[in-house]
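Trainee: My questions are about this predicted structure, shown below with the sequence.
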Amino acid sequence: MSTYQGYPFQFSEPVETIGPATDRFYSTLPVRVSKFSDQIRLAGEKAKETLAAKLGIDSKILIQNGTVTSQGHISSWMFPECPPSWIPFMVEMAELLFYFDVLLCDLRFMANTISHLKGQQVSPQEIDSVSYFVDKFLLSVSLLNDLYGFPKEFEEHHSAGNMDTIGNAMALLMSGYGYNEDEAASILKQEIIELEERALEEFHAWRSSDVTKSPSLVSYVFTVMTMAGGCNYWMSHSERYFRTDFTTTAEDRARLVRDPDSCLGRLQGYPAPLALNGHSTSTLELDAVSESHVSRSDSSLTSMTTAGSQVSVDGLGCSGMEIGITDKFQKADAENLCMDPYNYISSLPGKGTVAKLADTLQTWFNVPAESTEIIKTCSTILFHSSLMLDDIQDDSSKRRGMPAAHVMYGVGQTVNCVSYTGAKAFFLCEELKNANACRKALIPNWAISIDELDNLFSGQALELHWKFHRKCPSMNDYIIMIDNKTAGFFRLVLRLMAAEASVPMSPEKKNTLLHFTTLLGRYYQIRDDYQNLVSDEYAAKKGFCDDLSEGKFSLILIHTLNNSPTADRIRGLMFGGHRAGMSQEIRSYILSEMEAAGSLEYTKRIITELYETLWRMLDELEATLGPNTLLRALVQFLKI
């Protein structure tokens, strides 16, 4: 066991003992490496294969994320104190978050998560008390990501044709203030080193002070510091940043440098850009660069400035503007903007089945009323968020008889809302009475909500893969998809209620209930697919046979494509060519062929069989757990 600043490290050692990674390593934060690096590397290879299968993608796409370098997997440095038993999960989580390109966006959330996995509780007040230096650790990662990642980000924006929206500090220094790429890089390196020096000085002063520090807070601080140092070390030699296959060049990036006659600022303490000697420029603190970057990468980071001042920027097109350019960070007053799409879709009339399930389970679990309401709110938030995302991915213009959220608020704002409300749901789970139990119930070392969201996204990935590639799944594959995508919400409610229960339940009974809720979710989705094609009420709310227009595979369509003599014609009408929408005449024709193939009758039999199975299981559950009138009413409510 080694120590740093008196802190005992059990599973890691300083990186210095194995030599520096590269001369590109500019960070001064302490870096540690796991003693189980080989095990982590093997877990990384397995995680890529597992995720590729779940997401329906080529594993080469995950390799391009650069999580594995010549010296190991990023988790070896980012999570150096990860116990061996955590390795498979932590590595798979890192791969998944890198695939969605969000791992470096909120390292504070990752640190909080690790603290929770250790069973440590760090209050918001404690976290705020150390934010003045912890935020500098995190800002260091963001700025180094901009420094190393600038060519990569430029390439991506160049390919997408949106060069005016590069949210990168290097791009800002070049396009906003006229520095060339080498000058901008030199400025960022200097600022990063000075930022880290201040952070470490403040950390050492805090560590040696007499201020009260709980063991959990000390662990949290060291987790953030080693995580930041590990990220910086990994970035310095990852192929994610230092690639050789870019189609854009330094000359292309040089075109970002601003025209000398445009409105330019100059950074205090730095010479004017070489290309701009002789031009009149105003003075602007580098904190403006940091603040702009912070708003993109981590809105909770605070400014490096200590005092605010009003700066007037003079120049073409900028006269008369006053900016509090060195003011401290202020949280954006945008709660309503973030929540508008969610508030809209949640206001539309719906069945509320997921929330009702929580009420029915209360009979057996005797969960405190406050906890039940939190679980209902959390599950409802995630359910409505999935509906908004589903409508975007299916290109569906209606939801519950009204315009879909993305039609009302735009795709960008709706996707932002989905991310925002997802974070809200996670934080809401922290308010549960037995939050620690909820994290560890049924699955070791991780939150129930994350586990079921993993299932949901896996199911959604299958459905999107089939739709994009126009590949008809087997019946069993379809059942697996809906068990992950839809039934996950039902299992989420059950598992949270079980974790909060004041009445213990045997594992055998819990497993029976889990199977029951999975079948309930399965029934719910197949019933919904059937109603979409035959129900006048559904037609009024979503449009006539809307699932056919969306090209969505359902149990009915799968049966038709495998049993109808006109299957090839139906495939051509649904998936042939590039068609915007589908006429009502074509939908009516396909529906008639489904009926002729016996697909509607077949699906109705499946629904009936599932419904009868639910009743039999409910009878058996009541025989051991007691009567549950509310659950009976819910099952009856869902009958066709």
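Mentor: Nice, thanks for sending it over. Numbering: from 1, shown residues only.
Trainee: Tell me, how many residues neighbour residue 13?
Mentor: 15 (other CB atoms under 10 Å). (C-beta placed from N, C-alpha, C; glycine too.)
Trainee: Can you tell me the SS state at residue 13?
Mentor: Assigned by DSSP: H, G, I helix; E, B strand; the rest coil, the conformation of residue 13 is strand.
Trainee: Mind giving me the packing neighbours of the lengthiest helix in the chain?
Mentor: As assigned by DSSP state H, the longest helix anywhere in the chain is helix 131-160. With contacts defined as 3 or more CB pairs under 8 Å, 6 or more residues apart in numbering; DSSP states H and E, helix 131-160 has these neighbours: helix 107-117, helix 169-177, helix 181-208, helix 215-235, helix 250-254, helix 287-297.
Trainee: For the third one, what is the distance to the chain centroid?
Mentor: Once both centres are worked out by CA atoms, centre = their mean, to the nearest Å, helix 181-208 turns out to sit 29 Å from its chain's centre.
Trainee: quick one: contacts of stretch 355-368?
Mentor: The contact list for stretch 355-368, computed with CB atoms under 8 Å, 6 or more residues apart in numbering, reads 372, 375-376, 379-380, 433, 490, 493-494, 497-498, 500-503, 505, 517, 520, 625-631, 633-634.
Trainee: Kindly apply the preceding question to stretch 561-576 instead.
Mentor: By CB under 8 Å, 6+ apart, stretch 561-576 touches 470, 472, 548, 551, 560, 582, 586, 589-590, 593-594, 596-599.
Trainee: ok, back up a step: now the angle from the longest helix of the chain to helix 169-177?
Mentor: 80 degrees (axes from the mean of the first three to the mean of the last three CA atoms, to 10 degrees).
Trainee: Also compute the angle for helix 131-160 relative to helix 215-235, please.
Mentor: Using the same axes, to 10 degrees, helix 131-160 lies at 30 degrees relative to helix 215-235.
Trainee: quick revisit: could you dump the helices and strands packed on helix 131-160 to CSV with mean pLDDT, distance to residue 388 and mean neighbour count?
Mentor: Shown next, in CSV, are the helices and strands packed on helix 131-160 (pLDDT from 0 to 100; distance: least, CB to CB, whole Å; neighbours: other CB atoms under 10 Å):
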stretch, mean pLDDT, distance to residue 388, mean neighbour count
helix 107-117, 75, 22, 20
helix 169-177, 84, 31, 24
helix 181-208, 92, 37, 17
helix 215-235, 91, 31, 23
helix 250-254, 85, 37, 13
helix 287-297, 40, 23, 20
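Trainee: okay if I get the ones you listed as CSV plus distance to residue 37?
Mentor: Output for those, formatted as CSV (distance: least, CB to CB, whole Å):
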stretch, distance to residue 37
helix 107-117, 18
helix 169-177, 31
helix 181-208, 25
helix 215-235, 12
helix 250-254, 35
helix 287-297, 28
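Trainee: any idea of the pLDDT on residue 629?
Mentor: pLDDT, residue 629: 88.
Trainee: coming back round to it: generate a PyMOL selection restricted to the buried subset of the contacts of stretch 561-576.
Mentor: Of the contacts of stretch 561-576, the buried ones go into a single PyMOL selection, burial set by 16 or more other CB atoms under 10 Å:
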select buried, resi 472+548+551+560+582+586+590+593+594+597+599
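Trainee: And the contacts of stretch 561-576, which is closest to residue 339?
Mentor: The shortest approach to residue 339 among these belongs to residue 551, at 31.1 Å (CB to CB).
Trainee: Surely that closest one forms part of a strand?
Mentor: No. Under three-state DSSP, residue 551 falls outside any strand and is assigned coil.
Trainee: quick revisit: residue 619: which of the helices and strands packed on helix 131-160 is closest?
Mentor: helix 107-117 (39.1 Å).
Trainee: Quick one: residues in contact with the helix or strand following the closest one.
Mentor: The C-terminal neighbour of helix 107-117 among helices and strands, as given by DSSP states H and E, is helix 124-129. Applying CB under 8 Å, 6+ apart, the contact partners of helix 124-129 are 108, 112, 134, 211, 214, 216, 217, 220.
Trainee: Can you add distance to residue 230 and give those residues back as TSV?
Mentor: Output for those, formatted as TSV (distance: CB to CB, whole Å):
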residue	distance to residue 230
108	15
112	17
134	15
211	27
214	24
216	21
217	20
220	16
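Trainee: Strands of this structure, start to end?
Mentor: In the chain, the segments counted as strands under DSSP state E are 2-4, 7-9, 12-14, 32-34, 68-69, 72-73, 265-267, 282-284, 311-312, 322-323, 398-399, 402-403.
Trainee: per-stretch mean pLDDT over those strands, give me the minimum one.
Mentor: strand 311-312 - the lowest mean pLDDT of those, at a mean of 38.
Trainee: Where does pLDDT dip in this structure?
Mentor: 1-5, 16-23, 64-65, 100-106, 161-165, 257-267, 276-331, 433-450, 538-543, 577-581 (pLDDT under 70).
Trainee: returning to that earlier point: can you select the buried ones from the contacts of stretch 355-368 in ChimeraX?
Mentor: Buried residues among the contacts of stretch 355-368 (16+ other CB under 10 Å), as a ChimeraX selection:
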select :372,375,376,379,380,490,493,494,497,498,500,501,517,520,625,628,631,634
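Trainee: Could you report the neighbour count for residue 510?
Mentor: Neighbours around residue 510, by other CB under 10 Å: 16.
Trainee: same thing with residue 623?
Mentor: Residue 623: 9 neighbours (other CB under 10 Å).
Trainee: Quick check: it vs residue 62, distance?
Mentor: Per CB to CB, to the nearest Å, residue 623 is found 48 Å from residue 62.
Trainee: what does residue 85 give?
Mentor: Distance from residue 85 to residue 62, by CB to CB: 24 Å.
Trainee: And these two? Which one has more around it.
Mentor: residue 62 (22 against 9).
Trainee: Excluding residues flanking it in the chain, which one is nearest the more buried one?
Mentor: Setting aside the residues directly before and after it, residue 62 is nearest to residue 48 in space (CB to CB, 6 or more residues apart in numbering), at 4.5 Å.
Trainee: How many residues are close by the one you found?
Mentor: 22.
Trainee: And residue 350, by the same measure?
Mentor: 16.
Trainee: isn't it right up against residue 401?
Mentor: No. Contact criterion CB atoms under 8 Å: residue 350 and residue 401 do not qualify, at 10.6 Å.
Trainee: I figured residue 406 was touching residue 341, is that so?
Mentor: Yes. In terms of CB under 8 Å, residue 406 counts as a neighbour of residue 341; the distance is 7.4 Å.
Trainee: list residues touching both of the two?
Mentor: By CB under 8 Å, 6+ apart, the residues touching both residue 406 and residue 341 are 388, 414.
Trainee: Count the neighbours of residue 82 for me.
Mentor: 22.
Trainee: which ones are touching it?
Mentor: 11, 34, 36, 40, 75, 90.
Trainee: Alright, that wraps it up for me.
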